[in-house]
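J.: task: produce atomic coordinates for the following.
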Amino acid sequence: MSTNEILLGLGLAIVLAVGSQLVAARLRIPGIVLLLPVGFIAGAITSDIHPDNLFGATFTPLVDLAVGLILFEAGLHLRVREDPLGLRGVVLRLISIGVVVTAVGVMLATKVIFGLGWGVSALLGAILVVSGPTVVSPLLAFVRPSERVRTVLQWEGTLIDPLGALLGTLVFTGVKHGVLGGQPYQPGELALDLFVGFGVGAVAAGLLWLLLRELQRSAPGHSVIASLMVVFAALVSADLLREDSGFLAAAVMGAVLANQRQVDIASVLRFDETVVPLLIGLLFVLISASVTPSSVSAVLPESLALIAVMVLLIRPLDVALSTWGSKLTLRERAFVAWMAPRGIVAAATASAFGLELSQSGVQGAEKILPIAFLAIFGTVVLYGLTAKPVAALLGVAGTGASRILIIGGHKWARSMAGALKDAGLEVIVWAARQDEQAAAQKLGLEVYMAPIEDIEGREAQLEGVDQALLLDGSNHFNALAAYDLRSGLGTNRVYRLAPGETNTMQDVTQGRILFAKDLTFAELTRRFENGASLVELPSEPGSDGQGGAATPLFVVTADRELKVATAGDSLKTVPGDRTISLVER
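T.: Residues are numbered from 1 along each chain as shown. The predicted structure follows:
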């Protein structure tokens, strides 16, 4: 290809990768729903985007680097000491018993349906155990199931990505060395690969820990690029020492960093916002473009049968065993059983492993990618189209109301949270003190008790939140929290109290000023102490709510969406709206 053709192909791939995710976010569907067909169609109608033409022999190493970085980022979420809402047992069983059931079940189904060798069947079983937050999170945000269901599915997807990738790496290594393929095998090869992967990952994590500790004192803005440097160095070093151990090293590296508490890794988690989404989009588009229509049509009927077995037999058995005796209701267990879309790690590992095994002469390896492609696309589309009606049928779907995060657990912040909940909204409260947490729970409010920094930068904690109200008594805290939260929610969905004094950070932070410039924390506290209360008043068509002793603060629409009064803007209402006002005695 000429330079201009390569430039065109790269530009087209980037535009399709980013554009598909932007459109998907707008439509509130998983990006993979658009990325897979867009890449497949682009690969079918033009050769400019085909990875072999763009990258040639360098495509596989580039995929390895990208997957390694994605696995490192996934490992950063592998916090084994956290207990999501007391559901640790369920989650652990899903990522242990469930992984074994799924891997063995898919392996047997693949062997029977496709007639492939045990090695290739085992690899497909390992590849297709992973789900991942990149596909689960958008579906949960759309369906908004009960808190327990959302927690279990979110944590399963987050934890199973690196664990599934490790399993895939182990099986791939075994197939390549003949453990599962019937070829001669040298004892100790697999053990040595594991030793190198774990060893390099642990050593690299220690080096990055030292580097981040120093950078946080001297140059905190360099944390991300320093992480990139060490991850790539570890990945390449492990692969040079023992081929194919780099993935293991990258995932181990992320997991080790996630389970230490001395160095803040929040800045490293910025991968979610920049590098990783771009890599995910590019990988999906390029991998899909490498799948030819003929290879898909050759395995289409059998793949549909495999999807049916995975959805109707393997996943329900997996969930039944993993949730037996848990606090989940039968309806909640049924919905968890109807939610297992496959994601980016499955696609990337299928591409990398399938191509390498094909080049090594493993029979049937050329079918790994098209089978995985169809399984990924089929499960995402199936669950994406049916998740909401199934959740409604089972009675575990959310109310469809806006979900509001209130940061601040003092008395009048709890009053606001209670008023919004009474108006039909979903409200979650973050409070720093245990007595404030207990008081909020006594009011029937959902309370998030983890450190506030865990909310920022982690999609699991912001799942389903539409708007954030920062009601803390510290102006500086509100300003910093607004700056952090804006990246996940958007500047226009983060509101903070007006500063009571000159705030040097006001001009550089994001977020809108709540209510009015004179309604500071001190002023609101004074009014509530003097007997002011929150009252729901009738809304008059076209009213701006101004006048009398009532100050409109919120409007809840008939669709249970929240409008917030902001400094300089008045609230407009229509029939059916509910206005919550601050009324003084």
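J.: remind me which residues of the stretch 451-585 of the chain are low pLDDT?
T.: 451-464, 487-488, 500-511, 538-549 (pLDDT under 70).
J.: helices and strands around the helix or strand bottoming out on mean pLDDT in the chain, which ones?
T.: Sorting the helices and strands of the chain by mean pLDDT, DSSP states H and E puts helix 133-143 at the bottom, at a mean of 74. Under the contact criterion of 3 or more C-beta pairs under 8 Å, 6 or more residues apart in numbering; DSSP states H and E, helix 133-143 touches helix 31-45, helix 147-176, helix 368-394. To be clear about C-beta, it is placed using only N, CA and C from the backbone, and glycine gets the same treatment.
J.: most tightly packed of those helices?
T.: Among these, helix 147-176 has the highest mean neighbour count (mean count of other C-beta atoms under 10 Å), at a mean of 24.
J.: helix or strand right after that helix?
T.: Sequence-wise, the next helix or strand downstream of helix 147-176 (DSSP states H and E) is helix 189-218.
J.: mind listing what's buried in whichever helix or strand comes after that next one?
T.: For helix 189-218, the following helix or strand on the C-terminal side (DSSP H and E) is helix 223-241. Across helix 223-241, burial judged by 16 or more other C-beta atoms under 10 Å covers 223-224, 226-228, 230-232, 234-239, 241.
J.: ok, the residues you listed vs Glu426, which is closest?
T.: Glu426 has its nearest neighbour among those in Val224, at 33.3 Å by C-beta to C-beta.
J.: pLDDT score for that closest one?
T.: Looking at Val224, its pLDDT is 82.
J.: I'd say it and Ala266 touch.
T.: No. Using C-beta atoms under 8 Å, Val224 is not in contact with Ala266; the gap is 10.9 Å.
J.: where exactly do the helices run in the stretch 1-150 of the chain?
T.: Taking DSSP state H, counting those that start in this stretch to define them, one finds helices in the stretch 1-150 of the chain at 3-27, 31-45, 51-55, 59-75, 88-94, 97-114, 118-127, 133-143, 147-176.
J.: before we move on, back to that, report the angle between the least confident helix or strand of the chain and helix 147-176.
T.: Per axes from the mean of the first three to the mean of the last three C-alpha atoms, to 10 degrees, the angle that helix 133-143 makes with helix 147-176 is 160 degrees.
J.: what sits up against stretch 310-324?
T.: Contacting residues not belonging to stretch 310-324 are listed as 90, 93-94, 97-98, 101-102, 105-106, 109, 128, 333, 336-338, 340, 375, 379, 382 [C-beta atoms under 8 Å, 6 or more residues apart in numbering].
J.: same check, this time on stretch 5-13
T.: With contacts defined as C-beta under 8 Å, 6+ apart, stretch 5-13 is touched by Met1, Ala42, Thr46, Asp48, Ile49, His50, Asn53, Leu54, Leu282, Val285, Leu286, Ala289.
J.: and that stretch, which residues are buried?
T.: Leu8, Gly9, Leu12, Ala13.
J.: pull the most distant pair out of the residues you listed.
T.: Among these, Leu8 and Ala13 lie farthest apart (C-beta to C-beta), at 9.7 Å.
J.: out of the buried residues of helix 223-241, who's nearest Lys388?
T.: Val224 (36.1 Å).
J.: for burial, what's the neighbour tally of Ala219?
T.: 10 (other C-beta atoms under 10 Å).
J.: follow-up on the earlier one: can you redo the buried residues of stretch 5-13 as TSV with distance to Phe172 and pLDDT?
T.: Shown next, in TSV, are those (distance: C-beta to C-beta, whole Å; pLDDT from 0 to 100):
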residue	distance to Phe172	pLDDT
Leu8	34	89
Gly9	29	88
Leu12	31	91
Ala13	26	90
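J.: how about those residues in TSV, adding distance to Leu312?
T.: Shown next, in TSV, are those (distance: C-beta to C-beta, whole Å):
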residue	distance to Leu312
Leu8	44
Gly9	40
Leu12	38
Ala13	36
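J.: quick one: which of those residues is nearest Leu167?
T.: For the buried residues of stretch 5-13, the nearest to Leu167 is Ala13 (29.5 Å; C-beta to C-beta).
J.: distance check, the closest one against Glu214.
T.: Using C-beta to C-beta, to the nearest Å, Ala13 is found at 37 Å from Glu214.
J.: likewise Glu5?
T.: From Glu5 across to Glu214, the span is 45 Å (C-beta to C-beta).
J.: surely Tyr495 forms part of a helix?
T.: No. Assigned with DSSP: H, G, I helix; E, B strand; the rest coil, Tyr495 falls outside any helix and is strand.
J.: that one: neighbour count?
T.: Neighbours of Tyr495 (other C-beta under 10 Å): 22.
J.: one step back: out of the helices of the stretch 1-150 of the chain, nearest to Ala202?
T.: Comparing those by C-beta to C-beta, helix 59-75 comes nearest, at 11.9 Å.
J.: next, Gly424: phi, psi?
T.: phi 100, psi 10 (degrees, to the nearest 10).
J.: spatially nearest residue to it (excluding sequence neighbours)?
T.: Spatial nearest neighbour of Gly424, excluding adjacent residues (C-beta to C-beta, 6 or more residues apart in numbering): Arg560 at 4.8 Å.
J.: got the phi and psi for the one you found?
T.: phi 60, psi 40.
J.: how close does it get to Ala25?
T.: Counting by C-beta to C-beta, the separation of Arg560 from Ala25 is 22 Å.
J.: Gly325 should be in a strand, yeah?
T.: No. Counting by three-state DSSP, Gly325 falls outside a strand, being coil.
J.: quick one: it from Gly89, how far?
T.: 9 Å.
J.: okay, these two: which has more neighbours?
T.: Shown here are Gly325 and Gly89; by other C-beta under 10 Å, Gly89 has more neighbours (14 against 8).
J.: so what's the residue count around Ser570?
T.: Quick note: Ser570 (other C-beta under 10 Å) scores 11 neighbours.
J.: could you dump the helices of the stretch 1-150 of the chain into a markdown table and include distance to Leu519?
T.: Shown next, in a markdown table, are the helices of the stretch 1-150 of the chain (distance: least, C-beta to C-beta, whole Å):
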| stretch | distance to Leu519 |
| --- | --- |
| helix 3-27 | 33 |
| helix 31-45 | 40 |
| helix 51-55 | 56 |
| helix 59-75 | 41 |
| helix 88-94 | 42 |
| helix 97-114 | 50 |
| helix 118-127 | 55 |
| helix 133-143 | 31 |
| helix 147-176 | 31 |
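J.: and those helices, which one averages the lowest pLDDT?
T.: When I compare those, helix 133-143 is least confident, with a mean of 74.
J.: about what we covered before: please indicate which of the contacts of stretch 310-324 are buried?
T.: 90, 93-94, 98, 101-102, 105-106, 109, 128, 333, 336-338, 340, 375, 379, 382.
J.: can you give me the helices in the stretch 251-400 of the chain?
T.: 275-289, 293-309, 315-322, 330-337, 344-359, 368-394.
J.: so can I have JSON lines of these showing mean pLDDT and distance to Leu248?
T.: Output for the helices of the stretch 251-400 of the chain, formatted as JSON lines (pLDDT from 0 to 100; distance: least, C-beta to C-beta, whole Å):
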{"stretch": "helix 275-289", "mean pLDDT": "83", "distance to Leu248": "19"}
{"stretch": "helix 293-309", "mean pLDDT": "92", "distance to Leu248": "27"}
{"stretch": "helix 315-322", "mean pLDDT": "92", "distance to Leu248": "24"}
{"stretch": "helix 330-337", "mean pLDDT": "91", "distance to Leu248": "29"}
{"stretch": "helix 344-359", "mean pLDDT": "79", "distance to Leu248": "12"}
{"stretch": "helix 368-394", "mean pLDDT": "88", "distance to Leu248": "19"}
